[in-house]
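K.L.:
any chance you could fold what I've pasted below:
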Amino acid sequence: MTIDFDHFTPLMSLFGGVMIGGAALILMAFSGRVMGISGILAGLTQSHQNKSELPWRLAFILGTILGPFVVMMVTGQGIEIRPVAQGPLLMLGGLIVGLGTAIGSGCTSGHGICGLARFSTRSLAAVMTFMATAIITVALIRHVL
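P.N.:
Numbers count the residues shown, from 1 in each chain. Next up is the predicted model:
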């Protein structure tokens, strides 16, 4: 396995990780909420139950969508997109991920960033399952199919 040093950006990765961790900490400190995208999005679709939750959830989702465009405007560079699947395989993958977040009571960001930071054994089991599934999937797609 070789590392592509043209795309290996440890400082930018560290900066991004610190920003994500900081955002998770701020959300937890000020609202007591876990920063998991599936829970935030689900709460947005169910915002009729609690109108006070709507503004921050909407801001989070809009920031997630608009963030890359802000980076492109600030840096003047495009963001490289490398699709790993297309067509039916992409749709199947999305369906499986959505099903997994429902069954696992959260997504990779909620369990991996916030759950592990809180020493949640349920999150540890979920992350181990995510990682094992990812490793098996990559092995199957790259070496068997």
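
K.L.:
what ranges do the helices span in this protein?
P.N.:
For the chain, the helices defined by DSSP state H occupy 10-31, 37-45, 54-75, 88-103, 108, 116-117, 121-139.

K.L.:
what lies in contact with the second one?
P.N.:
Which is helix 37-45. For helix 37-45, contacts defined as CB atoms under 8 Å, 6 or more residues apart in numbering pick out 33, 50, 53-54, 57-58, 60-61, 64, 101, 106-107, 109-110. C-beta here means a position set from N, CA and C on the backbone, and glycine is covered the same way.

K.L.:
can you say which of those residues are buried?
P.N.:
Neighbour-count burial (16 or more other CB atoms under 10 Å) is assigned, among these, to 33, 53, 57, 60, 101, 106-107, 109-110.

K.L.:
tell me the one of those nearest P10?
P.N.:
P10 has its nearest neighbour among the buried ones among the contacts of helix 37-45 in S109, at 20.9 Å by CB to CB.

K.L.:
now do the phi/psi pair for Q77.
P.N.:
Dihedral angles of Q77 (phi, psi; degrees, to the nearest 10) stand at phi -120, psi 150.

K.L.:
mind listing what the nearest residue to A117 once chain neighbours are set aside touches?
P.N.:
Distances taken as CB to CB, 6 or more residues apart in numbering put A24 closest to A117, at 7.3 Å, once the chain neighbours are dropped. Taking CB under 8 Å, 6+ apart as the contact definition, A24 lies against 34-35, 113-114, 117.

K.L.:
how about these in JSON lines, adding pLDDT, distance to L92 and neighbour count?
P.N.:
Converted to JSON lines, the contacts of A24 look like this (pLDDT from 0 to 100; distance: CB to CB, whole Å; neighbours: other CB atoms under 10 Å):
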{"residue": "V34", "pLDDT": "84", "distance to L92": "28", "neighbour count": "21"}
{"residue": "M35", "pLDDT": "88", "distance to L92": "27", "neighbour count": "20"}
{"residue": "I113", "pLDDT": "87", "distance to L92": "26", "neighbour count": "22"}
{"residue": "C114", "pLDDT": "87", "distance to L92": "28", "neighbour count": "22"}
{"residue": "A117", "pLDDT": "86", "distance to L92": "32", "neighbour count": "14"}
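
K.L.:
sounds good, over and out.
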